[in-house]
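In: predicted model and sequence below, questions to follow.
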Amino acid sequence: MISLEEIKSKGKVYLHTTPMTHGFIGLSKFVVITVSFLMITIVYIILSKIDITKVGSIGLKDILFTYTLINLFFSIYIPLTYKLGYTKLQLVSAGLIIITPFVVGTISDVLTSNGDILMKLIDTSNVIFVPSAILLITIMISISVKATSLILNKKEY
């Protein structure tokens with residue numbers, strides 16, 4: 001939605017003339033994603049404490065694993081939004097949605113055959129998993145923010 005709003009009302013010109021650096025523009029998108037994820041996670045945890053909701057509980061590993069996957073997706077998606085433009089990226093996204101049902105079976109087979117790797121990841125202690133996940137998230141966000149900044153620096157408005 002943010003990208004769609006940037007297209008309207010000459011948002012690209014506003015992005016270029018804002019007093020924020022291009023790195024902070026990219027970082028601000030991750031702040032929105034993080035705040036949204038935290039709010040939803042907190043609501044989910046509260047609902048899991050209420051017996052009548054039948055919502056299962058989640059652990060720290062589940063939260064960090066999910067947040068890592070979300071950051072992986074947006075670390076690719078945000079720079080591509082600026083590189084291709086929102087409209088072209090929607091065409092790419094639609095193509096991925098169409099291809100996904102055909103690819104899911106293959107991915108599922110690969111994950112099943114490599115199940116030992118996933119089980120080892122799940123069985124790691126929090127002392128190893130939490131810092132590793134946080135480091136991976138930080139690296140992904142840093143690379144994405146740098147890529148977004150480079151793309152915005154090259155764009156002419």
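Out: Cool, got the structure. Since the model is a prediction, treat every value here as computed from it, not as a measurement.

In: rest of the way, CA atoms for contacts and neighbours
Out: Noted.

In: where do the strands sit along the protein?
Out: Defined through DSSP state E, the strands belonging to the chain form an empty list.

In: report back the residue of it that's furthest from centre.
Out: Most distant residue from the mean C-alpha position of the chain: residue 52, 31.4 Å away (CA atoms, centre = their mean).

In: list the buried residues of stretch 70-83.
Out: Applying a neighbour-count criterion of 16 or more other CA atoms under 10 Å, the buried positions in stretch 70-83 are 71, 72, 74, 75, 76, 78, 79, 80, 81, 82, 83.

In: got JSON lines for those, with pLDDT too?
Out: Output for the buried residues of stretch 70-83, formatted as JSON lines (pLDDT from 0 to 100):
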{"residue": "71", "pLDDT": "92"}
{"residue": "72", "pLDDT": "90"}
{"residue": "74", "pLDDT": "90"}
{"residue": "75", "pLDDT": "92"}
{"residue": "76", "pLDDT": "90"}
{"residue": "78", "pLDDT": "87"}
{"residue": "79", "pLDDT": "89"}
{"residue": "80", "pLDDT": "87"}
{"residue": "81", "pLDDT": "84"}
{"residue": "82", "pLDDT": "81"}
{"residue": "83", "pLDDT": "84"}
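
In: and residue 128, how many neighbours does it have?
Out: Each residue near residue 128 was counted by other CA atoms under 10 Å, and the total is 10.

In: for the protein, what spans make up the helices?
Out: Remark: helices assigned in the chain by DSSP state H are 2-7, 11-17, 22-49, 60-84, 86-113, 115-123, 126-154.

In: which other helices and strands contact the longest one?
Out: Looking back up the chat, that one is helix 126-154. If contacts are counted by 3 or more CA pairs under 8 Å, 6 or more residues apart in numbering; DSSP states H and E, helix 126-154 sits against helix 22-49, helix 60-84.

In: at 10 Å instead, please
Out: The criterion is 3 or more CA pairs under 10 Å, 6 or more residues apart in numbering; DSSP states H and E, and the helices and strands that helix 126-154 contacts are helix 11-17, helix 22-49, helix 60-84, helix 115-123.

In: lowest average pLDDT across those?
Out: Lowest mean pLDDT within these: helix 11-17, at a mean of 63.

In: thinking again about what came up before, how far away is the residue farthest from the centre of the chain from residue 46?
Out: Distance of residue 52 to residue 46, given as CA to CA, to the nearest Å: 12 Å.

In: need the contact list for residue 151.
Out: By CA atoms under 10 Å, 6 or more residues apart in numbering, the contact list for residue 151 reads 22, 79, 80, 81, 82, 83, 84, 145.
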